[in-house]
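1. Below are the sequence and a predicted model; questions follow.
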Amino acid sequence: MAQFQKRIPVGVIGGFLGAGKTTLVNHLVASGAQKFGIIVNEFGETGIDGSLIENVDTDGIAELSNGCLCCVGREDLVSALFKLISRKDKPDYILIELSGLADPVPVAQTVLDPFARTRFELDSIIGVADARNLEQTLRDGPEGAVQLAYASVIVLNKTDLASPEQVDEAEALIRKINPLAQVFRTAQSRVNPHDLLHLRAFSLDWRPQNYQHLHTPNLQSFTLSTEGLLERPKVNEFIDQYLISRPDAVFRAKGFLSVKGFDKQVLFQSVREIFSLELSQEPLQARSRLVVIGRGLNQFEYEEAFQALKARL
Ligand SMILES: Nc1nc2c(ncn2[C@@H]2O[C@H](COP(=O)(O)OP(=O)(O)OP(=O)(O)O)[C@@H](O)[C@H]2O)c(=O)[nH]1
């Protein structure tokens, strides 16, 4: 009798820029709940997101950059899925972490297409929402809503950065968009893996209801890059003046900076006005690179200001 191969479950993680998707992936991997294969989709071209995934060897991560998976590269997605399961050390669950602007629906449909579904099973769409910024995100563009509307389960994250009222309001907004999904409130995306995995939330003939694929026009993403060491006080000023003081224009920035006085690159991350800096494992000699995502930005001005951070020799 013909023996069908076991299908590998796939969870698609969506959610707006900076909501906590990578933090969730790292949390799930650290939990050891499964042997995960990871596909990371980046809006920009930089390859920063792959380096933010911890504890998975590079063979177990596929990076698909340069645009949202919902719009480009669906063939790439199918190839990446097959590549991950062709490894000797096969994953038993695959997580697709979408870019913060991607629409999960076309990606979920790709996993359900006749070719992919011979080996993969769409397990769930996981939505990650930022309790502090959800209201603003929903006002800014259509991406935030579609990322939650079709989710099987929602992680309402960053509760530590929001007041209890803000968290309640965020949950009420989610309920309006998606009354059925179970919502888990978290800080640092710390949710019990059993609540997210093996939900088997989709049938093969799933069709989204009232679905429209939309993107905010004029969103920008560019990468600032330079060789050499950067002067710390100038970096501080740049963060202040060009990144965190423009929360309605700069939605997200992240990258690795070679700052004079440190022995490794510094990982910088910002989501609107909140930012963090930490020492990374990247060598100080590597190029500094920072991806900036927002709207109404003068890229040339940013490039000049970034070059001016360099320490004088
Ligand atoms: N205070 C706080 N910070 C958080 C929490 N979750 C994530 N962060 C931080 O928020 C920033 C963005 O988190 P990520 O997990 O990278 O968000 P993301 O959704 O993957 O971001 P994009 O892929 O750029 O859309 C990082 O600096 C995280 O350390 C949280 O619950 N509380």
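-> Cool, got the structure.

2. for Arg232, phi and psi?
-> phi -60, psi -50 (degrees, to the nearest 10).

3. Okay, now the unreliable bits of the stretch 1-150 of the chain?
-> The stretch 1-150 of the chain contains residues with pLDDT under 70 at 1-4, 45-46, 66, 73.

4. what does it put close to the ligand?
-> With Cβ under 6 Å from any ligand atom as the criterion, the stretch 1-150 of the chain comes near the ligand at residues 15, 17-23, 49, 100. Bear in mind the C-beta positions are built from the backbone N, C-alpha and C, glycine included.

5. Filter those down to the ones in strands?
-> If you go by DSSP state E, these have Gly15 in strands.

6. could you dump the residues of the stretch 1-150 of the chain next to the ligand to CSV with neighbour count and distance to Leu134?
-> Below are those laid out as CSV (neighbours: other Cβ atoms under 10 Å; distance: Cβ to Cβ, whole Å):
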residue, neighbour count, distance to Leu134
Gly15, 30, 10
Leu17, 24, 12
Gly18, 26, 12
Ala19, 31, 8
Gly20, 26, 12
Lys21, 28, 14
Thr22, 23, 18
Thr23, 20, 16
Asp49, 24, 22
Gly100, 29, 13
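
7. Okay, and which of the residues of the stretch 1-150 of the chain next to the ligand map to helices?
-> Residues of these located in helices (DSSP state H): 21-23.

8. and those as TSV, adding distance to Ile85?
-> Listed next are these as TSV, based on distance: Cβ to Cβ, whole Å:
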residue	distance to Ile85
Lys21	22
Thr22	22
Thr23	26
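
9. and which of those residues is nearest to Phe202?
-> Lys21 (19.5 Å; Cβ to Cβ).

10. so the closest one sits right up against Glu97, yeah?
-> Yes - contact status for Lys21 versus Glu97: in contact at 5.1 Å, counting by Cβ atoms under 8 Å.

11. which neighbours do those two share?
-> Common contact partners of Lys21 and Glu97 (Cβ atoms under 8 Å, 6 or more residues apart in numbering): Ile13.

12. residue of the chain with the smallest distance to the ligand?
-> Closest contact between the chain and the ligand, by Cβ to the nearest ligand atom, is at Gly100 (2.6 Å).

13. Wait, that residue touches Leu17, no?
-> Yes - under the criterion of Cβ under 8 Å, Gly100 makes contact with Leu17 at 3.2 Å.

14. any shared contact partners between the two?
-> Shared contacts of Gly100 and Leu17, defined by Cβ under 8 Å, 6+ apart, are found at 251-252, 293.

15. can you pull up the bridge partners for Phe222?
-> In this entry, Phe222 is beta-bridged to Val292, by DSSP bridges.

16. what does the model give it for pLDDT?
-> What the model reports as pLDDT for Phe222 is 94.

17. tell me the contacts of it?
-> 44, 291-292, 297, 299, 302-303.

18. Adding neighbour count as columns, could you present these in a markdown table?
-> Shown next, in a markdown table, are those (neighbours: other Cβ atoms under 10 Å):
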| residue | neighbour count |
| --- | --- |
| Gly44 | 23 |
| Val291 | 21 |
| Val292 | 24 |
| Leu297 | 17 |
| Gln299 | 13 |
| Tyr302 | 21 |
| Glu303 | 15 |
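
19. Of the residues you listed, which belong to helices?
-> Among the contacts of Phe222, the members found in helices (DSSP H) are 299, 302-303.

20. Format these as CSV; extra columns: distance to the ligand and pLDDT.
-> Putting the ones in helices among the contacts of Phe222 into CSV (distance: Cβ to the nearest ligand atom, whole Å; pLDDT from 0 to 100) gives the following:
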residue, distance to the ligand, pLDDT
Gln299, 18, 97
Tyr302, 17, 98
Glu303, 21, 98
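
21. Can you add distance to Lys90 and give those back as JSON lines?
-> Below are those laid out as JSON lines (distance: Cβ to Cβ, whole Å):
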{"residue": "Gln299", "distance to Lys90": "42"}
{"residue": "Tyr302", "distance to Lys90": "43"}
{"residue": "Glu303", "distance to Lys90": "43"}
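
22. Can you tell me which of those residues is nearest Leu64?
-> When the ones in helices among the contacts of Phe222 are compared against Leu64 (criterion: Cβ to Cβ), the nearest one is Gln299, at 23.4 Å.

23. show me the contacts for that closest one.
-> Per Cβ under 8 Å, 6+ apart, neighbours of Gln299: 220, 222.

24. and if you look at Arg185?
-> By Cβ under 8 Å, 6+ apart, Arg185 lies in contact with 131, 156, 159, 167, 171.

25. Now do the closest residue to the first one other than its chain neighbours against Leu17, distance only.
-> It stands for Ala131. In space, and not counting its chain neighbours, Ala131 is closest to Ala162: 4.0 Å by Cβ to Cβ, 6 or more residues apart in numbering. Applying Cβ to Cβ, to the nearest Å, the value for Ala162 to Leu17 is 17 Å.
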